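**Student:** Show me the folded form of this:
(one chain, ligands or ions: 2)
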Amino acid sequence: MPRVLLGCIADDFTGATDLANNLVRAGMRVLQTVGVPTAPLSNEVDAVVVSLKSRTIAPQEAVAQSLHALQWLQAQGARQIYFKYCSTFDSTAQGNIGPVIDALMAALSTDFTIATPAFPDVGRTVFKGYLFVGDVLLHESGMQDHPLTPMRDPNLVRVLAPQTKRQVGLIDYAVIAQGKDAIQQRIAALKQQGVGIAVVDAISNADLHRLAPALADMPLVTAGSGVAIGLPANFGIVPNERAAALPAAQGLQAVIAGSCSRATNAQVAAFVASGRPSYLVDPMRMDQGPDAREVLVREALAWATPQLVDGPVLIYSTAQPDALKAIQTKLGIAEVGEWVEQTLALIARGLVQAGVAQLVVAGGETSGAVVQALGMQQLQIGAQIDPGVPWCAGNTNVNDQILHITLKSGNFGTEDFLLKAFGKLSS
Ligand SMILES: Nc1ncnc2c1ncn2[C@@H]1O[C@H](COP(=O)(O)OP(=O)(O)OP(=O)(O)O)[C@@H](O)[C@H]1O
Ligand SMILES: O=C(O)[C@@H](O)C(=O)CO
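**Tutor:** Ligands and ions are numbered 1, 2, ... in the order given. As a prediction, the model looks like this:
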């Protein structure tokens, strides 16, 4: 049986490809699975990233799914476990970062782990336990208006403490700057004080590379995708070209955007301004009776299908914070979120049936719904489009064609991402 070095559990689908991308760039052969596989691993890979959609579900359900993933990864011989959450530490009031860490630590019989969303390549830095997004603190970054996980406190020790039964501490920048020995001494001191989880500062990739060797023997690492840049070297793996090969791309092109994050809003605006065809999915239609979704999906596909031969079309529900608040107040946050996700997922399925074989999806929850609706079970990871966002490829249950798909985190990518992504695929 192939033996996995790093077994990863990601709490959403875009986050999973983000982590897989960093591991691939550091030289690992990576398989991304959609949910927990039912069969043992059949191909030789260095890391497996199990994608869950557990970020905003009830904590006990997130724990159950994460433990199920852990059991499967342990059965594949995983030597170290990596729990991946968002680089903006996205949590609901109940979790799910803390409850999942607690459960994984108990299952792995370990009394210490780290927690850090630092990912300097996309401007996520942690200093003195405070999370910065670009030049501003987390709660000024737009994340305070997130539809499902509004983040209103940038102090990660304060955010994590109420989510976990363990004591939360900090390994600050002064320690990280000194490297492995100092970090390990700090960990020993924190353990003595009864700390079970330490938030870790990092403001550059050099910091993450200094941190990684100190984590080599830790059964569980919890982080955004940034920490992953240094871990493959702990297993003697170095960057190489072969890790990121995908089959040639073919077929028609489309974009589905269900993220309301600041970056996606700007990317959708840029796509619309370019004059390429775009179609707005209006969530208010949820109120128009039981067949409202079916009617909308039919309309969207009738609009898109004849235009696909001329290049990519965009179908989006992306809205600005004020409009979003008004919709959520009227229809309920969870209810409208789910309705929009399922509507976009059905549209994506229809587009693939119509011959789309290159699909860009924006938003983690949206990506989860789309990938599940397409019956995709695993993804191969290809070249990076922008930091944190690679092209992927896999089979769907719609037709025999390979689908090239990119799952873009809401806040990732340059403003022209939706236009430039297709140009990065080799045909
Ligand atoms: N116009 C809208 N009105 C209400 N809800 C919406 C609207 N558009 C999208 N949504 C919902 O908002 C949520 C957006 O979450 P999603 O994870 O897809 O994006 P994101 O949080 O920006 O991405 P990421 O998790 O990658 O950062 C989804 O549940 C989506 O259905
Ligand atoms: O870490 C991030 O920001 C992303 O990979 C993500 O998880 C977005 O949902």
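**Student:** What count of nearby residues applies to Leu308?
**Tutor:** Other residues lying near Leu308 total 18 when counted by other Cβ atoms under 10 Å. C-beta coordinates here come from the backbone N, C-alpha and C atoms, glycine included.
**Student:** Say whether ligand 1 is contacted by stretch 389-397.
**Tutor:** No - interface with ligand 1: stretch 389-397 contributes nothing (Cβ under 6 Å from any ligand atom), its closest point being 9.9 Å away.
**Student:** Alpha carbons of the longest strand seen in the chain, as PDB, please.
**Tutor:** Looking across the chain with DSSP state E, the single longest strand is strand 378-386. Extracted as PDB, the C-alpha positions of strand 378-386 are listed here (Å, rounded to 0.1, in the frame of the first residue of the first chain):
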ATOM      1  CA  GLN A 378     -10.700  13.700  -6.800                       C
ATOM      2  CA  LEU A 379      -8.600  16.500  -8.300                       C
ATOM      3  CA  GLN A 380      -5.200  16.600  -9.800                       C
ATOM      4  CA  ILE A 381      -3.300  19.800  -9.100                       C
ATOM      5  CA  GLY A 382      -1.700  21.800 -11.900                       C
ATOM      6  CA  ALA A 383       0.000  25.200 -12.300                       C
ATOM      7  CA  GLN A 384      -0.600  28.200 -10.100                       C
ATOM      8  CA  ILE A 385      -2.700  31.000 -11.600                       C
ATOM      9  CA  ASP A 386      -2.100  33.400  -8.600                       C
END
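**Student:** Run through the residues of the stretch 1-150 of the chain sitting next to ligand 2.
**Tutor:** Asp12, Thr14, Gly15, Asp18, Cys86, Ser87, Thr88.
**Student:** picking up where we left off before, in its sheet, which strands sit next to the longest strand of the chain, and in what direction?
**Tutor:** Here strand 378-386 has these sheet partners by DSSP bridges: strand 30-34 (antiparallel), strand 389-395 (antiparallel).
**Student:** Just give me how far that strand sits from the chain centre.
**Tutor:** Strand 378-386 sits 13 Å away from the centroid of its parent chain (Cα atoms, centre = their mean, to the nearest Å).
**Student:** Give the buried residues for that strand.
**Tutor:** The neighbour-count check on strand 378-386 (16 or more other Cβ atoms under 10 Å) flags Gln378, Leu379, Gln380, Ile381, Gly382, Gln384, Ile385, Asp386 as buried.
**Student:** of all those, which comes closest to ligand 2?
**Tutor:** Closest to ligand 2 out of these is Asp386 (11.9 Å), distances taken as Cβ to the nearest ligand atom.
**Student:** number of nearby residues for Gly289?
**Tutor:** Neighbours of Gly289 using other Cβ under 10 Å come to 9.
**Student:** quick one on the thing from earlier: restrict the residues of the stretch 1-150 of the chain next to ligand 2 to contacts with ligand 1.
**Tutor:** Restricting these to those near ligand 1 by Cβ under 6 Å from any ligand atom leaves Asp12, Thr14.
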